[in-house]
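Chemist: Build me a model:
(4 chains)
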Protein chains: 2
Amino acid sequence: MQLDERKKKILQGIIRNYLETGEPVGSRTISKYTDLNLSSATIRNEMADLEELGYIVQPHTSAGRIPSDKGYRFYVDTMMAEKDKEVREMKEMLIEREDKMEALLKQVAKVLAQNTNYATMISAPTMHGNKLKFIQLSRVDKGQILAVIVVEGNIIKNHILNVNEELDDETLLKLNMLLNTQLNGLAIEEITLGLITALKQKAGIHGDIVGEVLDAIAEVIREDENLEIYTSGTNNIFRYPELADQEKASELISTFEEKKALSALVQETLSDENNTGIQVYIGEESPISNMKDCSVVTATYELGEGVKGTIGIIGPKRMDYDKVVDTLKNLMHQLDDYYK
Amino acid sequence: MQLDERKKKILQGIIRNYLETGEPVGSRTISKYTDLNLSSATIRNEMADLEELGYIVQPHTSAGRIPSDKGYRFYVDTMMAEKDKEVREMKEMLIEREDKMEALLKQVAKVLAQNTNYATMISAPTMHGNKLKFIQLSRVDKGQILAVIVVEGNIIKNHILNVNEELDDETLLKLNMLLNTQLNGLAIEEITLGLITALKQKAGIHGDIVGEVLDAIAEVIREDENLEIYTSGTNNIFRYPELADQEKASELISTFEEKKALSALVQETLSDENNTGIQVYIGEESPISNMKDCSVVTATYELGEGVKGTIGIIGPKRMDYDKVVDTLKNLMHQLDDYYK
DNA sequence: TATTAGCACTCGATAAAGTTGAGTGCTAAC
DNA sequence: GTTAGCACTCAACTTTATCGAGTGCTAATA
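Modeler: Numbering: from 1, shown residues only, chains lettered A, B, ... in the order given. Just a heads-up that it's a prediction; the model follows:
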């Protein structure tokens, strides 16, 4: 049995209606709701077929039908390339520019949550494959050296080193020269053990400090691995009764708080090769088991030169996929423009 | 009518029992629970008195009694200066040192939440009254200058300035010298308009850049005003049925997410003059209206020289005040040791 | 052959009625 | 002052009844 045009229309009607109301959809509703002019009895027959095909399910014997994961998948896959809604409000809100990446990301998460009424997350861009742009050592105190490390994409990391020896200005200058000439322009992966040894040797008696700086750089990478994730709109889950019961809500909220779990989602999204930009995970498809009752829509944004991050929207399975996808697309263009 | 010794014992019994069970406490329970050897009838008489005095209330006619805010207040005020429990586990967890303040604070919030089973928050230390320690301008790119600002307490802020003019190394060095000699050691409040004008004049044609750096410093302060707050254990509120219904949970969770509201709490705590270190807000006493069904215990920590922050524990009114206070005291010692 | 009207049936949701039991206040006796 | 005893209260829970949206199936219709 195949999905003919009429079945598609009915399925679409069921899903649309369910997205709106969150209640199981009965045959009579569809009979009136669609422009097919069929009686409820006919619809019932078709619905029985659709159920057999696995697109819809009955929560209990005498109830209407709700979409199965397969049904949602069908809907998302086939019926989504149309609309072009305005998200002007968002544009305006984003215009309050923020120079700091962190603040910007938080802002994005917030605006997105407000706009969609779903929970949102955004990961800070990882600097995988990125190049060191600048290193600066400064003495801030006796025995304390501040190392500032700038990576392409203007991601800045600070690190304070405690040193025993007193360093005079001249030595510091030399060390700075050395580090910058040797390391700038290198991708983090390119800093090999051989290079490190050579560097230490050149630094002579101050090899220790060079070692510490390199450790700091390594730490920057390590830190980058358990990446920063900002969330917002967590309490939106209470808008959807199917997620709002205590057990589920508690689970979801702790998932949001414990960013580690979310990073699985980020990794999954970033690692996808044939990435068209936007992905939809429905129910069990999600890499996070706690989200089996949710759908997750993710997008990858890029701030030039491989600096990539992920935006995610988490809501009930009956989320408004059209709107969410549009919103994300729009947002990605915004970000592109922003870091032009 | 006054609280005699027996009434105190009964009140204490009621509160203790209620803290444990969360259920209204009846006269028979107290009759058995305490070592007073009184019948339930006598207890009933005493309980009627305690109710009249406002220390306990009946949720409905034929139920046991629960403590009123006044009852909790009495309990907290009088019965809290004794115990000395071990919080060894926490000590161990904290030993995994983190060099970055931010990570440390997050860690503290998390450990605290795990230890107490309440929701926790911690504010990053404000640098009110603090002194500039070090300023460094570096060229990271054509037309891009990185300004690193270090304040006492080793709080580091980065700021990228976009400049039109090309700056050569020598000029940069001069500017660095100028800024450091003129500004280092000054409290942020001491940078007056007069000083700014003088600085710009000295910088000559590069006055603009000095202006921008000062703006950045100003921004550091501004940023400091809407301070960083880290939270953890939000989902612990689901452990307490009296907070876990949808409406309350949703409100509380959005309060936690919207850090602005929490900052009211921080301000309140920090501004309290006769601060003995730990404060308890019961129900309506809290500066955050959404928390009228909670109790909040706050502590002020200090990392030397006026760098102060706030730790807060938010739970139900029937929270285990003894344990929480102990834990906080202990933690404050830890932090003291840490930044000795 | 596809569609539809009709009907008996199912079953969650809601309401109504009944039951239980912890807890109270009051009184009278100790 | 303390306590035993008793009638009373009332939230919580259980049981029963009712309702109605929705179904599957059958037979009639176009």
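Chemist: got the residues of the stretch 101-250 of chain A near chain B?
Modeler: Within the stretch 101-250 of chain A, the residues that sit near chain B (C-beta under 8 Å from any C-beta of the partner chain) are A:133-134, A:136, A:138, A:140-141, A:144, A:146, A:148, A:150, A:154, A:156, A:158-160, A:231-235, A:238, A:244, A:246, A:249-250. Every C-beta, even on glycine, is put in place using the N, C-alpha and C of the backbone.
Chemist: From these, list just the buried residues.
Modeler: The neighbour-count test (16 or more other C-beta atoms under 10 Å in any protein chain shown) applied to these identifies A:133-134, A:136, A:138, A:140, A:144, A:146, A:148, A:150, A:154, A:156, A:158-160, A:231-235, A:238, A:244, A:249-250 as buried.
Chemist: Just the ones of those residues in strands?
Modeler: Residues of these located in strands (DSSP state E): A:133-134, A:136, A:138, A:140, A:144, A:146, A:148, A:150, A:156, A:158-160, A:231-232.
Chemist: Can you tell me which of those lies closest to B:Arg28?
Modeler: A:Thr231 (48.0 Å; C-beta to C-beta).
Chemist: Mind checking what secondary structure the residue in the stretch 1-150 of chain A positioned nearest to DNA strand C has?
Modeler: Here the residue of the stretch 1-150 of chain A nearest DNA strand C is A:Ser62; by C-beta to the nearest atom of the strand that distance is 2.5 Å. What DSSP: H, G, I helix; E, B strand; the rest coil gives for A:Ser62 is coil.
Chemist: Count residues in the vicinity of it, would you?
Modeler: 6 (other C-beta atoms under 10 Å in any protein chain shown).
Chemist: Give the bridge partners for the nearest residue to A:Asp272 once chain neighbours are set aside, please.
Modeler: Computed as C-beta to C-beta, 6 or more residues apart in numbering or on different chains, the closest residue to A:Asp272 that is not its neighbour in sequence is A:Gln279, at 6.6 Å. Taking DSSP bridges, one obtains A:Thr298 as the residues bridged to A:Gln279.
Chemist: Touching, A:Gln279 and A:Thr298? I think so.
Modeler: Yes: the pair A:Gln279 and A:Thr298 qualifies as a contact (C-beta atoms under 8 Å) at a distance of 5.1 Å.
Chemist: Who has more neighbours out of these two?
Modeler: Neighbour count, other C-beta under 10 Å: between A:Gln279 and A:Thr298, A:Thr298 has more, with 25 against 18.
Chemist: Enumerate every residue touching that one.
Modeler: Shown in contact with A:Thr298 (C-beta atoms under 8 Å, 6 or more residues apart in numbering or on different chains): A:265, A:269, A:278-279, A:281, A:310-313.
Chemist: By neighbours, which of those wins?
Modeler: Neighbour-wise, the contacts of A:Thr298 (other C-beta under 10 Å) top out at A:Ile313, 30 neighbours.
Chemist: Then that one would be within a helix, right?
Modeler: No: under three-state DSSP, A:Ile313 sits outside any helix and is assigned strand.
Chemist: My guess is it contacts A:Ala109. True?
Modeler: No: between A:Ile313 and A:Ala109 there is no contact under C-beta under 8 Å: 9.9 Å.
Chemist: before we move on, back to that, please list all residues in contact with the residue nearest to A:Asp272.
Modeler: Counting by C-beta under 8 Å, 6+ apart, A:Gln279 has contacts A:269, A:272, A:297-299.
Chemist: between those residues, which is nearest DNA strand C?
Modeler: Closest approach between those and DNA strand C, by C-beta to the nearest atom of the strand: A:Val297, at 28.2 Å.
Chemist: A:Met332 and A:Leu146, how far apart?
Modeler: 36 Å (C-beta to C-beta, to the nearest Å).
Chemist: Likewise for A:Glu51?
Modeler: Counting by C-beta to C-beta - A:Glu51 and A:Leu146 are separated by 66 Å.
Chemist: which residues do A:Ile313 and A:Ala109 both contact?
Modeler: Shared contacts of A:Ile313 and A:Ala109, counting by C-beta under 8 Å, 6+ apart, come down to A:Thr120.
Chemist: Do you know the pLDDT at the residue of the stretch 151-300 of chain A found nearest DNA strand C?
Modeler: Relative to DNA strand C, the nearest point of the stretch 151-300 of chain A is A:Pro241 (10.2 Å; C-beta to the nearest atom of the strand). Listed pLDDT for A:Pro241 reads 85.
Chemist: where does the stretch 1-150 of chain A dip in pLDDT?
Modeler: A:1, A:79-101, A:127-130 (pLDDT under 70).
Chemist: can you give me the helices in it?
Modeler: A:5-21, A:27-33, A:40-53, A:69-78, A:88-95, A:101-116 (DSSP state H, counting those that start in this stretch).
Chemist: A:Lys142: neighbour count?
Modeler: A:Lys142: 8 neighbours (other C-beta under 10 Å).
Chemist: Wait, it touches A:Leu167, no?
Modeler: No: with contact defined as C-beta under 8 Å, A:Lys142 does not reach A:Leu167; the gap is 10.0 Å.
Chemist: which residues touch the nearest residue to A:Glu285 once chain neighbours are set aside?
Modeler: Once flanking residues are discounted, A:Glu285 sits nearest to A:Asp69: 7.3 Å by C-beta to C-beta, 6+ apart. With contact taken as C-beta under 8 Å, 6+ apart, A:Asp69 is in contact with A:282-285, A:317.
Chemist: Return the distance of A:Asp69 relative to B:Ile278.
Modeler: Applying C-beta to C-beta to A:Asp69 and B:Ile278 gives a distance of 51 Å.
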